[in-house]
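okay, structure incoming, though there's no sequence with it:
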Ligand SMILES: Cc1cc2nc3c(=O)[nH]c(=O)nc-3n(C[C@H](O)[C@H](O)[C@H](O)COP(=O)(O)OP(=O)(O)OC[C@H]3O[C@@H](n4cnc5c(N)ncnc54)[C@H](O)[C@@H]3O)c2cc1C
């Protein structure tokens, strides 16, 4: 994308007003790293949203609120009990991208390699959107389609929310790529809530070899209520992922993409179970 | 030369002489030096793998404001030439025109525009109307060799400068071979025989700096070409040939180079820059984009092998038959020398009695092969060292023992040396220095070879494997390569050291300065290095064939020795002492009685005081040997048997490069080559669609390892002394790229029992091999070779 102008508003209201006035030609510009994948539009104008006070991580009752222009590096550096986004952000290459790329940017325009959406999907996080007033949308609803297509002119993501993760809730995340700087061939995330020896709640999502981040509800349904036994995972995953549209990329066949998907999903379920039990990884 | 082993400057890790300049970002590279008003060149590349241009209309582009020149086959000179920089006459065909009426691979030159800005040039390219007659493309070795296959070079003026078998009508660029003993009989009677097929892939050098050049006319109307090249003198000769002009019309200047690895042993931009400068009388600048670098730049030649070997029950290697078919892509480039090196740099490593070597090079409509570090040896070592592993496994012999038992030793020769040269017979040679046994033993200790278990003993998802490959290369091309240097003394005792050799980031300038300083008895900071400018510096074939330290270094040492003799002569007169009582030490001439004069005093005396003359000399050097460096590479991998992902945890490269002139730089060369080799082995590949168009021509989809992927690498420099090299040096630059593919392949086998005979070892390929239980079918004979 080539921009013809660059605006630097100082308040959220100013930014929203500018974007509203620009209509289709206006783009919220956070880290700016995704625009290389966006085709040119005549008269495109960037509206810088990094100076609106939207950067920072706050602890809330039982969780966290992460401002939209918090960078991925901020996520890596932040430390608190129950904080898991560092594990996700650290796997997003590279240092240079992490230093400027933001939470809002990562979730507003989805790619096959988008990682934060997976974490928000399985942790049942929320996305806070301001269209003048803030409204929180469930991640599951937010990620059902390309989010940007649903925004009105001037709408901005201002924050995301997510729970603190501690037993009996466990989180798992894994990404397979060809080199450490490459986009993921396959990414999986899982969250498991235990009720004693039972899997009370299972949340599983995949991306990479699927076109967009997706919750895998068939697998979740097959596992919920069953014993917290990792040997059940392979069967449930095998049965539950067959109908999905696995796409091999970078020379990888569709068959292998599906196989890799199965392996990674079992891995993240095991990680999540272990964490839910309070066992060190 | 005396075997000096206690050195003052040599064998010391002095800092690279250009390190501060580069660290501070001083203008050093071609693109830093372009005049601001230079015209920008952009090229229209072919969208087709194989097509004839039936019409081309450049008028609309030419009419655009800001466009100064449009070149295509209709308005450029046609003198077929070779873009590869090699000894002259070259062992490769003249099959390339500046612009041609036919395109032979996607990205091939169709037309070029020089305009005031890149944007105007790009817009002008879109205005060029081209009609193509699309021809059936030849997209594999088998298709190239099939009867009735489309002929890629059907132009009547294609020719070969040497009397070698060149059959363009059959898409055959060249053939080379040799025979020793009776391999067929040996294969029938030996205790054990092996016969497998191996494939090696396309790969790119991916230097940080893509190909880049600019050219302008000087006040005398000569064309000055400033270019990122490994071969300035070859470049000058080829540009002159391509444009049908005299060599004296051109001056080629090479500033710092942002990496080459062989890719810049090629004249790819300079002819167009020069022609544009001549036509426009403006400075014209051209830099390839990364995508163009993939499509139009050079690659490693993919080579398919059939390898047959024989041995006794005791593990004594007796016979080898290597058949190699090399895909050179659309132009002949380095095909023959590359495939020749599959034999000459590989077969002599072990003491075979029976040898059959048979290689051919074919044209296809795919990207063009070129020189790439390792140069054929990389590909052939994958086949040989993989098969050696299988041989050892078959008789239960440890791979370490197998290699120690069979490798060539000091004082031994090989019939291969005399048989295989570059476009002609080779040169007989015995090995003067060989530290390979030591390399094998030290490397084994470092990797912890003693803990290696057999694949059958491993269980679990993640399996560890150890692998080994042993290697040799060469140091320059004997009786073909030539290097020269000149040294001039200044009144403060400093020296201008000029040579034609090219440092492509390796530290060669520093190494050559160390050699000169050692011989002269001074320090590196007193050597003012300048290279390379074809008007000013003496000739050198350039940076390739692992020649700079060994060959150009000896030219430098000889020049320094001559200058030293002059210094001693002047000092003898100044000190009134016999010359044979004088020596040089710490930038002084010292007499036997302890009296001394400084170099500065000597220079001032000779320049200003008595019997005035310039202390200065020049020396040239050719070699009659290509002494091999030797190396043992060990790797420790963990394979995820569920996903097929291979993680290289540790890599050990023990190398005998003779005297390491600069140990830190020698280690740097080794580490860099190892990383390059690991990347090639694990993930690098060109992906093509059904029309021969590369689908991953960018750094997002073509993966190379970066520091984030770097395994723990341990380099062990094993000293030896090569009498024919400067201060005992051989070479270090290429050899270490050869080990990763076979060593990792062997380690995967050791971990999983799955033998892969083609790479890169991508997760899917490894997963399939494991799934197919212990061996992947080797590529079938029909699919791979039609020898
Ligand atoms: C080489 C490379 C590799 C990468 N690898 C990965 C990876 O493996 N995994 C991964 O998850 N990410 C990866 N990324 C990052 C990812 O692709 C996006 O580029 C990045 O997350 C976007 O963040 P940004 O802040 O730069 O957004 P921008 O580029 O500024 O914006 C992205 C889009 O979102 C819109 N937008 C931005 N902020 C808001 C907001 N607050 N409200 C509404 N709309 C908004 C913009 O208008 C734009 O359309 C990679 C990026 C690069 C360049």
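The structure has been received and is ready for your questions. Being a predicted model, the structure only gives us computed values, none of them experimental.

mind listing the strands the helix or strand hosting residue A:127 pairs with, and their directions?
Using DSSP states H and E, residue A:127 sits in strand A:126-130. Looking at strand A:126-130 with DSSP bridges, its partner strands are strand A:134-138 (antiparallel), strand A:156-163 (antiparallel).

ok, residues contacting the last one?
Outside of strand A:156-163, the residues that reach it under the criterion CB atoms under 8 Å, 6 or more residues apart in numbering or on different chains are A:12, A:15-16, A:19, A:28, A:49, A:54, A:60, A:62-68, A:82, A:85, A:103-104, A:107-108, A:116, A:119-120, A:123-130, A:134, A:136, A:139, A:147, A:169. To be clear about C-beta, it is placed using only N, CA and C from the backbone, and glycine gets the same treatment.

buried subset of those residues as a PyMOL selection?
Provided next is the PyMOL selection string for whichever of the contacts of strand A:156-163 are buried by 16 or more other CB atoms under 10 Å in any protein chain shown:
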select buried, chain A and resi 12+15+16+19+28+49+54+63+64+65+66+67+68+85+103+104+107+108+116+119+120+123+124+125+126+127+128+129+130+139+147+169
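
quick check: residues of chain B near chain A?
B:642-643, B:645, B:679, B:683, B:685, B:687, B:696, B:700-701, B:703-706, B:708-709, B:762-764, B:767-768 (CB under 8 Å from any CB of the partner chain).

list buried residues within these.
Buried members of the residues of chain B next to chain A, scored by 16+ other CB under 10 Å, are B:642-643, B:645, B:679, B:683, B:685, B:696, B:701, B:703-705, B:709, B:762-764, B:767-768.

about what we covered before: which one of the strands paired with strand A:126-130 lies closest to the ligand?
strand A:156-163 (3.7 Å; CB to the nearest ligand atom).

from the chain's centre, how far out does that closest one sit?
11 Å (CA atoms, centre = their mean, to the nearest Å).

now do the helices in the stretch 101-250 of chain A.
A:103-108, A:116-122, A:139-142, A:217-223, A:233-241 (DSSP state H, counting those that start in this stretch).

looking at these, spot the one closest to the ligand.
helix A:103-108 (2.0 Å).

so what secondary structure elements neighbour that closest one?
For helix A:103-108, the packing partners by 3 or more CB pairs under 8 Å, 6 or more residues apart in numbering or on different chains; DSSP states H and E come out as helix A:72-77, helix A:116-122, strand A:156-163.

touching the ligand at all, the shortest one?
In this case it means helix A:72-77. No. Using CB under 6 Å from any ligand atom, helix A:72-77 stays clear of the ligand, coming no nearer than 7.1 Å.

and that helix, what's its mean pLDDT?
Average pLDDT, helix A:72-77: 98.

how far away is the closest residue to residue A:45 other than its chain neighbours from residue A:47?
With sequence-adjacent residues excluded and distances taken as CB to CB, 6 or more residues apart in numbering or on different chains, residue A:45 is closest to residue A:5, at 4.2 Å. Distance, residue A:5 to residue A:47, by CB to CB, to the nearest Å: 9 Å.

and if you look at residue B:581?
83 Å.

higher neighbour count, those two?
Between residue B:581 and residue A:47, residue A:47 has the larger neighbour count (other CB atoms under 10 Å in any protein chain shown), namely 25 against 14.

other SSEs contacting the lengthiest helix in chain B?
For chain B, the longest helix by residue count, based on DSSP state H, is helix B:553-575. Using 3+ CB pairs under 8 Å, 6+ apart, the elements in contact with helix B:553-575 are strand B:482-489, strand B:495-499, helix B:508-520, strand B:582-585, strand B:588-591, strand B:596-598, helix B:599-604, strand B:616-622.

low pLDDT regions in the chain?
Assuming you mean chain A. Across chain A, the ranges flagged by pLDDT under 70 are A:280-281.

ah, no, chain B please
B:1-4, B:774-787.

ok, 90 please
Applying pLDDT under 90 to chain B flags the ranges B:1-6, B:163-165, B:333, B:421-425, B:772-787.

residues contacting residue B:294?
Applying CB under 8 Å, 6+ apart, we find residue B:294 in contact with B:107, B:204, B:367, B:686, B:694, B:697, B:698, B:702.

ok, the nearest residue to the fifth one once chain neighbours are set aside - how many residues close by?
By that I understand residue B:694. Closest residue to residue B:694 apart from its sequence neighbours, by CB to CB, 6+ apart: residue B:686 at 5.3 Å. Using other CB under 10 Å, residue B:686 has 21 other residues around it.

verify the contact between residue B:686 and residue B:698 for me.
No. Using CB atoms under 8 Å as the test, residue B:686 is too far from residue B:698 to be in contact (12.0 Å).

how far away is residue B:190 from residue B:371?
Taking CB to CB, one finds residue B:190 at 36 Å from residue B:371.

point me to the residue of the stretch 151-281 of chain A nearest chain B.
Residue nearest to chain B within the stretch 151-281 of chain A (CB to the nearest CB): residue A:180, separated by 3.8 Å.

phi, psi for that residue please.
In terms of degrees, to the nearest 10, the main-chain angles of residue A:180 are phi -70, psi -10.

again, but for residue B:672
phi -60, psi -40.

before we move on, the earlier item: right, so the helices and strands packed on helix A:103-108: which one is the most enclosed?
With neighbours taken as mean count of other CB atoms under 10 Å in any protein chain shown, the helices and strands packed on helix A:103-108 reach their highest mean count in helix A:116-122, at a mean of 28.

can you pull the contacts of residue A:233?
A:223, A:265, A:266, A:269, A:270.

what about the closest residue to the first one other than its chain neighbours, neighbour count?
Counting by CB to CB, 6+ apart, the nearest residue to residue A:223 once its immediate chain neighbours are dropped is residue A:202, at 4.6 Å. Each residue near residue A:202 was counted by other CB under 10 Å, and the total is 26.

distance from stretch B:131-146 to the middle of the chain?
The answer for stretch B:131-146 is 29 Å, by CA atoms, centre = their mean.

oh, I was asking about stretch A:256-274
In terms of CA atoms, centre = their mean, the centre of stretch A:256-274 is found 17 Å from the chain centre.

quick one: is it near chain B?
Yes. Counting by CB under 8 Å from any CB, chain B has neighbours in stretch A:256-274: A:256, A:259, A:260, A:263, A:264.

quick one: the residues you listed as JSON lines, columns for secondary structure, neighbour count and distance to residue B:229 too.
Formatted as JSON lines, the residues of stretch A:256-274 next to chain B follow (DSSP: H, G, I helix; E, B strand; the rest coil; neighbours: other CB atoms under 10 Å in any protein chain shown; distance: CB to CB, whole Å):
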{"residue": "A:256", "secondary structure": "helix", "neighbour count": "23", "distance to residue B:229": "42"}
{"residue": "A:259", "secondary structure": "helix", "neighbour count": "23", "distance to residue B:229": "46"}
{"residue": "A:260", "secondary structure": "helix", "neighbour count": "26", "distance to residue B:229": "43"}
{"residue": "A:263", "secondary structure": "helix", "neighbour count": "22", "distance to residue B:229": "47"}
{"residue": "A:264", "secondary structure": "helix", "neighbour count": "28", "distance to residue B:229": "46"}
